[in-house]
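Student: Here's my sequence, what's the structure:
(2 chains)
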There are 2 protein chains.
Amino acid sequence: MKEPNDYLQINLLGKDEQSERLSRVYSGMREAGISAALIHNNANIYYLTGRVFRGYVYLPGNMRPPFYFVRQPSTLRSDSDDLFHIRKPEEIASALASRAMSEPGDVGLELDNISYSSAQRLARAFGLAAPSKNMSPVMRAARSVKTRMEQDMLIRSGEKQTYIYNRIPHLYQEGMRDIDLQIEIERASRQEGCLGLFRIAGDEMEIFMGNVLTGHNADEPSPYDFAMGGLGLDPSLPVGADGTVIKPGIPVMVDVNGNYTGYMTDMTRMYYTGSLSEDTLRACRLSAEICRTLAGMMVPGAKASDLYHKAVDMVSEAGMKEYFMGHRSQAGFVGHGVGIEVNEAPVIAPRSKDIIEEGNVIALEPKFVIPEIGPVGIENTYIVTAAGGKLITTAPEEPMLMD
Amino acid sequence: MKEPNDYLQINLLGKDEQSERLSRVYSGMREAGISAALIHNNANIYYLTGRVFRGYVYLPGNMRPPFYFVRQPSTLRSDSDDLFHIRKPEEIASALASRAMSEPGDVGLELDNISYSSAQRLARAFGLAAPSKNMSPVMRAARSVKTRMEQDMLIRSGEKQTYIYNRIPHLYQEGMRDIDLQIEIERASRQEGCLGLFRIAGDEMEIFMGNVLTGHNADEPSPYDFAMGGLGLDPSLPVGADGTVIKPGIPVMVDVNGNYTGYMTDMTRMYYTGSLSEDTLRACRLSAEICRTLAGMMVPGAKASDLYHKAVDMVSEAGMKEYFMGHRSQAGFVGHGVGIEVNEAPVIAPRSKDIIEEGNVIALEPKFVIPEIGPVGIENTYIVTAAGGKLITTAPEEPMLMD
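Tutor: Below you'll find the predicted structure:
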């Protein structure tokens, strides 16, 4: 048998990659007036080290490298003198003192990510009466521009997700319900290396491995802030497939987890049996055209809100506004950043203040829910370059026949 | 096509069931000195209504029925005059005033569940300078004793999970890696109605659909507070199967998601090919014997810590203490409550203050990691009755041959 690892390196990024990420984080901290920070959220710890562990990354300010405070696993090691195994966060301050690091006047915490109780406890561990500096927006902004390494991981996820989406027609069998097809897509994705877990930021968001919708089920609003809804199979998780049988001429929308590397791409495609009506095909072409148009506008310096308004203009001109981003309930965005989590910055929405930057990775999902037809539209993930959005989810954009 | 629902009832529990749960919650609030509360966490909203929605359940105190503040979905309705569709939590106070409900002096919030930023915002929406009363322990205690309806849902999950576990020997094919077997178990579970999502309470806990471990991989500690670890497939989710090929004579431990009804059972069983050594079989019998002994002690009024110490005594007597609940890294508990989430109260741990109550639902998982053998042990879920724990995960406890 393979022997277990004696130890594991805590920093999997290498010095240069980590420095590039740290410089983005420190630049945001400077703007926000935060001198030092303690990071606890799994997605943020993964961003700073290339691995998830239970504990904290302390950023001492002034572009200095981080200290690691590890609760689990016990096997983590560092080549430098910057790692402490601790049992509780109250040990952090004295450990820092042992490295001649003075306590900061105020330490930034991820106030949008960690619980009220955790934030209070960490603040007290640093001698503060209450938390005040919020690191969540700083980390969100830093993570919105992907390094070359991150882009490569997204490109790899996009390739694998594309491979699976091209195989979906062969996974279909006559008589399947939406959930039956979804289960086969889940399995094929997992066999290709999909990690399964769908990391989502934010307030009480949850989903399993994605969303397969067909027919009227698309017009069932869900509790969650996704582009599309669906009744789901159970009121404990009311989103997505509800057991509707897939019927000829009724499109099937597939939006399933592309997390193959720790970084996930987001792609939606349409599938069908029989033949689709001209209205359906027209809506699908409009969605693809909006994607192309917005990808062209997706240049550094562009306003995210302008992209949204352009999409609405195109939809209105086509007389499709009442079906855009839902029918009975309409989502208030047409795109969003993706990366470690499925809902990162920038947000392509009417009141978004986000400005597009080179290295943003953005999923565009101009979708429709049309009564008597169901859900129609595609979704693509793009890397923002000086020349506009570079497509990294390359399955065919036309609806694919399942036979 | 099936028409979409015009509307959905917000309370799926019915008046009597909801009253039974509310009386537990109100009793806990009285003890904690909390006069009114605002509930936001999905698991707690599901407990109070039988469905997940985006918004808030307001508990006005004095055993009065709740008010519902719904952000999404728009389709929720109530037969009583107790539901408000809102866009933001700041609308709650004026809505309450419109029902002649005065604002409470202090409103309890789920301070262990909701983010610092959310807690501050909700407190201000109620005119408070800061949150002070913590509803999280109240909800945790209320949910730890399951109603008859909840017990029935757990029994149904246990039946389905048992059916899948009995099928696992037929899912195995020669040459499979741990992850290959896991993917087939995931698919079979989903086909049987498993919802997939593994709800976990607590600080940065995450897992996909469960854990299949074999060989030395069991001796790789993970960042998470599960009984067992494993390296996982990627440092972004370092837990569970790592691609180890399943070998004759090396046991395979399966601990996969039993969420079939919104309530999940927790079961672990051993599988193997070839034949197992006497040491392996002895360890597995010891695990089953600890389960039976602790189930017998699991009567109302028993101390959770006594159960833990009894397990350690049995393990020590058998000379197995250094392998108990891990080898290089040992988990500090032998059991935990299960229900809507996989880690509920009571906790069977050395310093647990929990007292066993009738209606608790407890998973016991006395497991070992033995060098050169790997992970060994079983896990069962029990409903606490006056006569002790009633087993609801009934797959055979002996290791099952996969052929």
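Student: When you work out contacts or count neighbours from here on, use the C-alpha atoms and nothing else.
Tutor: Noted.
Student: State the number of residues packed around the closest residue to residue A:395 other than its chain neighbours.
Tutor: Distances taken as C-alpha to C-alpha, 6 or more residues apart in numbering or on different chains place residue A:162 nearest to residue A:395, at 5.1 Å, with adjacent residues excluded. Neighbourhood size, residue A:162 [other C-alpha atoms under 10 Å in any protein chain shown]: 19.
Student: ok, now which ones touch residue A:162?
Tutor: Residues in contact with residue A:162 (C-alpha atoms under 8 Å, 6 or more residues apart in numbering or on different chains) are A:393, A:394, A:395.
Student: CA atoms of whichever strand or helix holds it as CSV?
Tutor: Assigned by DSSP states H and E, residue A:162 falls within helix A:148-171. Output of helix A:148-171 as CSV, limited to C-alpha atoms (Å, rounded to 0.1, in the frame of the first residue of the first chain):
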residue,chain,number,x,y,z
ARG,A,148,-2.3,33.5,-14.9
MET,A,149,-2.3,30.3,-12.8
GLU,A,150,-5.9,30.8,-11.8
GLN,A,151,-6.8,31.4,-15.5
ASP,A,152,-5.1,28.2,-16.5
MET,A,153,-7.1,26.3,-13.9
LEU,A,154,-10.3,27.8,-15.2
ILE,A,155,-9.3,27.0,-18.8
ARG,A,156,-8.8,23.3,-17.7
SER,A,157,-12.2,23.2,-16.0
GLY,A,158,-13.7,24.7,-19.1
GLU,A,159,-12.2,22.0,-21.3
LYS,A,160,-13.5,19.2,-19.0
GLN,A,161,-16.9,20.8,-18.7
THR,A,162,-17.1,21.2,-22.5
TYR,A,163,-16.2,17.5,-22.9
ILE,A,164,-19.0,16.5,-20.6
TYR,A,165,-21.6,18.8,-22.3
ASN,A,166,-20.7,17.3,-25.7
ARG,A,167,-21.4,13.9,-24.3
ILE,A,168,-24.8,14.8,-22.8
PRO,A,169,-26.7,13.7,-26.0
HIS,A,170,-25.4,10.2,-25.5
LEU,A,171,-26.4,10.1,-21.8
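Student: average pLDDT for the helix or strand just after it?
Tutor: Where DSSP H and E defines the elements, the next helix or strand beyond helix A:148-171 is helix A:178-191. Helix A:178-191 comes out with an average pLDDT of 98.
Student: Distance check, the closest residue to chain B within the stretch 301-403 of chain A against residue A:256.
Tutor: Sorted by distance to chain B under C-alpha to the nearest C-alpha, the residues of the stretch 301-403 of chain A start with residue A:329, at 7.0 Å. Counting by C-alpha to C-alpha, to the nearest Å, the separation of residue A:329 from residue A:256 is 21 Å.
Student: repeat for residue A:250
Tutor: 19 Å.
Student: next one: residue A:29
Tutor: For residue A:29, the distance to residue A:256 - C-alpha to C-alpha - is 35 Å.
Student: Pick out the residue nearest the middle of chain A.
Tutor: The centroid of chain A falls nearest to residue A:342 when counting by C-alpha atoms, centre = their mean (1.5 Å).
Student: and the nearest residue to that residue once chain neighbours are set aside, how many residues sit next to it?
Tutor: Of all residues not flanking residue A:342 in the chain, residue A:200 sits nearest, at 5.3 Å (C-alpha to C-alpha, 6+ apart). Using other C-alpha under 10 Å, residue A:200 has 17 neighbouring residues.
Student: thinking again about what came up before, was I right about the residue nearest to the centre of chain A contacting residue A:264?
Tutor: Yes. If you go by C-alpha atoms under 8 Å, residue A:342 and residue A:264 touch, sitting 7.0 Å apart.
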